[in-house]
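> Need the 3D shape of this:
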Amino acid sequence: MASSKVIDGTSIAKSIRTAVAQRIKSYQSQYPRFQPQLVIVQAGDRPDSSVYVRMKAKAAEEVGIQFRHVNLPESATVDEVVSLVRKLNDDREISGILVQLPLGPHVDSDGVRAVTEAISPEKDVDGFHAYNIGYLTSRASSPLFVPCTPAAVIRLIEHTGVPIAGAETVVLGRSDIVGNPVTALLRNRDATVTQCHSRTKKLEEIVKRADILVTAIGRAEFVQGSWIKPGAVVIDVGINSIPDASKKSGQRLVGDVNFSEAITNASYITPVPGGVGPMTVALLMENVMTSAIRLFEKAQHRTVKPLKLTILDKVPSDIEIAMLRSYGKYKAKIELSVLNRLAHRKDGKYIGKSTTTIGLAQALGAHLARPAFACVRQPSQGPTFGIKGGAAGAAALDARMFHEATQSDKALYSRLVPSSKGKRTFAPLMLKRLQKLGINKTKPNDLTPEEINRFARLDVDPETITWNRVLDTNDRFLRKVTLGRNTTEQGHEREAGFDIAVASECMAVLALTTDLVDMRERLGKMVVATSKRGEPITADDLGVGGALAVLMKDTVKPNLMQTLEGTPVFVHAGPFANIAHGNSSILADRVALKLAGTEPGRGGFGADMGMEKFCDIKCRMSGLKPDAVVIVATTRALKMHGGGPEVTPGKPLADTYTKENLVILKEGCKNLQRHIQNSRKFGLKVIVGINKFASDTPAELELVRQEALAAGADAAVVSNHWAEGGAGARALAEAVVAACEGESDFKFLYDLDLSIDEKINTICKEIYHAAGIDLSELARKQVDMYTRQGYGNLPICMAKTQYSFSHDPSLKNVPSGFTVPIRAVRLSAGAGFLYPILGDMQTMPGLGTRPGFWEVGLDPETGRVVGLF
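Residues are numbered from 1 along each chain as shown. Model (predicted):
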């Protein structure tokens, strides 16, 4: 026997495994999180299948591939196996999936096909999915994976150095596992292939012509040595057991070829065992590594395919744009688990913005090919139907006050902790309240009369209630109402009021929460009133914290939508910027920053409001650092600040706003300059986006640009995105990208350790340019109470008019030296801030003489909504 003729599959397989291990280590040195993982699903515990699984597990360990064996009962149904496979498909940690065949005896060929087809082609490291087999047979394309045994056959032939192209090749066998794939691979390498099977006539004559012979028929030593053409290459895939008394098992393995005879004629031949078998396992490891690298690199490339935008001469209204796309296909909820999956990624650039958010995001994503997510707030129904939000109410609070006023301690306690089948138990939230009160007891019957009194009675001071009911419409007559007028309330009346929903603390909690657990804690910490003992009463004390969390459990997931150009947008949370903190959610920002290279977020109104709160509240709570701020300016707004005529909704604009007037415009640019200076106080790069109107003249636009640069803006760019989409904001996007180069110098305006008065005063002096503040008697009392209760270290959220730097909407442009009257100070302990109410600011907007709903209606023919702006 000439040993040089034997193709040592074991040795070649070892070199392949070594190369795989080295490449995995090399990749991990560059990307420490890179970890290939192979999962094998086995039904039952057939000994031969278990041997194969152990071989693959050993090889995986050797090369550095994480291995997982899922062993199902033999009785597992096709549906159960398919369901498991689909879950494995969705697991981003898994590189390759292999279902060890055969499955249980009840699974027929259709069932096997259903299982193999369930494996994602991207993870089909065995190469048997119809996608991969189909591409394997095509000369015009390549599969993602080649089946391991057929691939081993080709590698072994290539190892001999014998050319495949033009060779007379015979394949014995036509199985989908070996025969058919090998035939396709040989044909693709220009061999002249004859495929034989059990019904082939004159088989010996055909085999004798073969330069290359591949056997895969499962018949022990069927091919005789005399059939082999002198100098032929023989690849024996068969594995068969024959009796052998010399072996401990009484059997030995042989191939389909009589090895001892064939070796005298063949130039090269594979032994059994030690030929194709070890190669099959080695190439499975190579496939898993290839899959892992492919999936890892795919995850690294965050690309968005932009949609073609049709530019219309007449710019459509918002409602017309909304109707261009079906509701269902174009939005989705984002699971918060994505943050864990992407925790290793470096955050993208963080841009604080105003109304050009969408245009800028389109320009970055669709025109500069920068992965960019826009994050915006959800709109409020009230202002939409008025000129333009539900959340939590106070019904539980009033009901509790009523029950406390009309029942004895014993009766109240019996109803709060009723007996069920002779047993009384505290609800989980009640245990939390007992802990807060310092009552270390868990059995209701153990409480003393004094402890029962303290536990059962919140003892609310009606004058301190801060939790208003909310409504998502504008209604000025609900600003102050009298509750409890019905006779059923037994004369227990009190004055209260409604807020618009987007001003509610629940909305602020949603926007500032960092995960579901954090939201539950924040909702429970919301202070609704103070007791007559001077203690804060929370939503958890009232027993509603858990119920609120249940109502809001799905709201915590950001809504994913898209712009008209197909770039992604997170629309999540909707706090007002003049009443609340005015920014989209922290969760949406965090997800966007992991997915995108640049993330523009929107802060409501000017740099004195939405941006200041974005920096001092939102960024303080999220730990995120903005890289730049984009201030949006229009000639019309600047002309109004420069002394232009009053603008009234519904009335035509004066000529000042539609014709060139450089004098008034230059005066109004002082307002823009102050916004730029305010932004600089936070250490931010400042880009001014000049939102172009059709009536703006080149001279006006250039004047604004020059004034912005003179005031210290890093860039000032004219933007026409409202008419041209992302293309109209491309120059603005380029300016933003340039400004974001390097690290952020972001800083806060004030220190949290300052007193409440000092923090309010800092904002008023530094941002509004006021001389000082004047706290009303009520505000003074509230500030002192919050300080006593331990809330003095919270940030400040100013509720003020958006029409002026001051508290007075009539003070336009750049007023200074005024005193800011603080009417009241409210506590949002769950959201995590205090909000002073300045001047006449209301937390429930009113309706004008001609509200927007006059124009809203339905087209009777089509059912389409008309009249919304």
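
> for the lengthiest helix in the chain, which positions count as buried?
In the chain, assigned by DSSP state H, the helix with the most residues is helix 276-300. Along helix 276-300, these residues count as buried under the neighbour rule (16 or more other C-beta atoms under 10 Å): 276-293, 295-296. Placement of C-beta: from N, CA and C, glycine included.

> Let's test this: mean pLDDT of that helix, rounded?
Taken as a whole, helix 276-300 has an average pLDDT of 94.

> how about the strands of the stretch 401-550 of the chain, start to end?
Listed in chain order, the strands of the stretch 401-550 of the chain (DSSP state E, counting those that start in this stretch) span 419-420, 423-424, 469-471, 481-483, 494-496, 498-500, 527-530, 536-538.

> Could you do the stretch 701-850 of the chain as well?
Using DSSP E, counting those that start in this stretch, strands in the stretch 701-850 of the chain cover 715-719, 772-775, 819-828, 833-838.

> what about the closest residue to residue 215 other than its chain neighbours, how many residues close to it?
In space, and not counting its chain neighbours, residue 215 is closest to residue 256: 3.9 Å by C-beta to C-beta, 6 or more residues apart in numbering. Residues lying near residue 256 (other C-beta atoms under 10 Å) number 25.

> tell me the contacts of residue 256?
If a contact means C-beta atoms under 8 Å, 6 or more residues apart in numbering, then residue 256 has 172, 215-223, 236-238, 240 as its contacts.

> what about the protein, any weak spots by pLDDT?
Applying pLDDT under 70 to the chain flags the ranges 1-4, 302-304, 315-332, 352-355, 377-394, 575-579, 597-605, 650, 847-854, 868-869.

> give the contact list for the residue lying farthest from the centre of the chain.
In the chain, the residue that sits farthest from the middle, by C-alpha atoms, centre = their mean, is residue 226; the gap is 66.9 Å. By C-beta under 8 Å, 6+ apart, residue 226 lies in contact with 261, 265.

> let's go with 10 Å and repeat that
204, 207, 208, 258, 261, 262, 264, 265 (C-beta atoms under 10 Å, 6 or more residues apart in numbering).

> Is it correct that the last one is in contact with residue 223?
Yep, that's residue 265 we're talking about. No - counting by C-beta atoms under 10 Å, residue 265 sits too far from residue 223 to count as a contact (11.1 Å).

> can you list residues touching both of these two?
With C-beta under 10 Å, 6+ apart, residue 265 and residue 223 have common neighbours residue 234.

> one step back: how about the contacts of residue 226 in CSV, adding neighbour count and secondary structure?
Output for the contacts of residue 226, formatted as CSV (neighbours: other C-beta atoms under 10 Å; DSSP: H, G, I helix; E, B strand; the rest coil):
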residue, neighbour count, secondary structure
204, 10, helix
207, 24, helix
208, 17, helix
258, 19, coil
261, 16, helix
262, 23, helix
264, 14, coil
265, 18, coil
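
> Quickly check those for the two that are furthest apart.
204 and 264 (17.0 Å; C-beta to C-beta).

> Tell me the gap between stretch 159-178 and the middle of its chain.
49 Å (C-alpha atoms, centre = their mean, to the nearest Å).

> Could you list the buried residues of it?
Neighbour-count burial for stretch 159-178 flags 159-160, 164, 167-174, 177-178 (criterion: 16+ other C-beta under 10 Å).

> Looking at those residues, which are in helices?
159, 160.

> Between the buried residues of stretch 159-178, which sits nearest residue 502?
Distances from residue 502 to these, taken by C-beta to C-beta, are shortest for residue 177, at 62.6 Å.
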